[in-house]
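In: Give me the fold of what follows.
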Amino acid sequence: MSATLLAEIAVIVVCLAGGGLLKGATGAGAPVLAVPALATFFDVRFAVIVMLVPNLLTNLWQAVRFRAHLLRWPFMLPLLAGGFVGAGLGTMALKTFDPDLLSLCVAVAALLYVVLRLSRPHWILPMGPAHWLSAPAGLLAGMLQGGAGLSAPVSITFLNALRLPRESFIATISVLFVTFTVVQLAIASTNGLIRENEIFYSLFALVPVSLAMPLGAALASRVSPQVLDRVILAILAVLSAKLLVEALF
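Out: The predicted model follows:
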């Protein structure tokens, strides 16, 4: 095994472990750190493909574990339908859009997430309007997830604004992410987006993400959520700025 390949694997492991820490601490958001980090060293398409298996299996496990806390279907069905369509459109963009444009999309999406978290930390969205917004939110989140591997500016922000109990938040966003990933896998596998050996990278990626999740949960119980949130946002801002500069110049 060459030194270059070993270095690439080491970078992938570190990026994925960071995403696993975040998911273990918050219940969502492994791609928030992993995708921008991987995209800075490789490209957006590779980052999205690597995260497919970890996204599918970790969210499927959480969806089953917290299924009793899932929101009612009049809210969920439009959200999932929008996410299904959006993820399909976004994934097709991986094949047709320029890699630099996709990197720019990831950078902008990540920076938007940082800005929203800092500027609207206590924003509350009542469930009445949320029912009407669920389909558009799902559509936009799916497009970001499919094309940039990062739906957090819409998906996490939208569901956070509902001020759901932790169990309901995890159940709802996990089912949404499973929907995204099933669509991504189906389209990527039939349109040549998954290149030689990349599915093995994705299977391997499950290991550092899964091992880091319990560490993230333990860290969250010992460190102030505000401190952890600010550290994550600072890292994400740096990664996003790097992606933005590389995509533009």
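In: and the helix or strand of the chain with the lowest mean pLDDT, what other elements does it pack with?
Out: The helix or strand of the chain with the poorest confidence is helix 225-248; it has a mean of 75 (mean pLDDT, DSSP states H and E). Applying 3 or more C-beta pairs under 8 Å, 6 or more residues apart in numbering; DSSP states H and E, we find helix 225-248 packed against helix 3-26, helix 30-41, helix 99-119. Where you see a C-beta, it was placed from the backbone N, CA and C, and this is true even at glycine.
In: Can you check which of those gets nearest to Arg166?
Out: helix 3-26 (9.1 Å; C-beta to C-beta).
In: List the contacts of the least confident helix or strand of the chain.
Out: Helix 225-248 has contacts (C-beta atoms under 8 Å, 6 or more residues apart in numbering) with 18, 22, 25, 32-33, 36-37, 39-40, 100-101, 103-104, 106-108, 110-111, 113-114, 117-118, 219-220.
In: could you redo the last one with a cut-off of 7 Å?
Out: Around helix 225-248, the neighbours that count as contacts under C-beta atoms under 7 Å, 6 or more residues apart in numbering are 22, 25, 32-33, 36-37, 39-40, 100, 103-104, 106-107, 110-111, 114, 117-118, 219-220.
In: just to revisit the earlier point, any idea which of the helices and strands packed on helix 225-248 is most buried?
Out: Most buried of the helices and strands packed on helix 225-248, by mean neighbour count (mean count of other C-beta atoms under 10 Å): helix 30-41, with a mean of 26.
In: could you give the angle of that helix to helix 99-119?
Out: 140 degrees (axes from the mean of the first three to the mean of the last three C-alpha atoms, to 10 degrees).
In: Remind me what the next helix or strand after helix 30-41 packs against, helices and strands.
Out: Downstream of helix 30-41, the first helix or strand assigned by DSSP states H and E is helix 44-50. Under the contact criterion of 3 or more C-beta pairs under 7 Å, 6 or more residues apart in numbering; DSSP states H and E, helix 44-50 touches helix 30-41, helix 99-119, helix 198-222.
In: Enumerate every residue touching the residue at minimal distance from the centre of the chain.
Out: The centre of the chain sits closest to Pro31, judged by C-alpha atoms, centre = their mean, with a distance of 3.4 Å. Residues counted as contacts of Pro31 (C-beta under 7 Å, 6+ apart) are Gly19, Met51, Asn55, Gly149, Leu150.
In: All good on my end, thank you.
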